[in-house]
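# pasting the structure only:
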């Protein structure tokens, strides 16, 4: 019975990812680890594995003028904080979170939002996709630093870096120990 308990605890701890957005400065909105959230106010696609508390709402700002495609992209990008897999593309210390967005994802957003104005920022006046992501995403929060990077450990709203096969392999290995 003890082996089954230890195995269940291990699998649960591997499945429950740490949420980097839950640093001291942001703990009002985010859980320290991902969990099921019933009827979230925003980012419902992360309902089964979310870092956001149920009342977190994505707000583009009252002075924003965006197209539908730009708004959809912004919602995907801003909901990255709710992803139960956010520890794969974001790191935190006690005061700030550094979030890595994939360069291609930022390029797509820059293209879709080129005609937009977001909280007084005219997107067409920005230099490039890196300037766009770092200037626009989470712009109202000094505790979040945005980087546009190439590689695998970055958010792109489509490809999860989570590998269920790794958990299956580890679980099978542990079962062989008992």
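Yep, that arrived. Being a predicted model, the structure only gives us computed values, none of them experimental.

# neighbours of residue 140, how many?
8 (other CB atoms under 10 Å). Just so you know, the C-beta spots here come from the backbone N, C-alpha and C atoms, and that holds for glycine as well.

# tell me the SS of it?
With DSSP: H, G, I helix; E, B strand; the rest coil as the basis, residue 140 sits in coil.

# now the residue nearest to it when sequence neighbours are not counted: how far from residue 37?
Nearest in space to residue 140, with sequence neighbours left out and distances taken as CB to CB, 6 or more residues apart in numbering, is residue 119 at 7.4 Å. Separation of residue 119 from residue 37 (CB to CB, to the nearest Å): 27 Å.

# can you pick out the residue with more neighbours from those two?
Applying other CB under 10 Å to residue 119 and residue 37 shows that residue 37 carries more neighbours, namely 23 against 14.

# give the contact list for the nearest residue to the more buried one once chain neighbours are set aside.
The shortest distance from residue 37 to any non-neighbouring residue, by CB to CB, 6+ apart, is to residue 50 (4.3 Å). For residue 50, the contacting residues are 31, 34-37, 40, 43, 82-84, by CB atoms under 8 Å, 6 or more residues apart in numbering.
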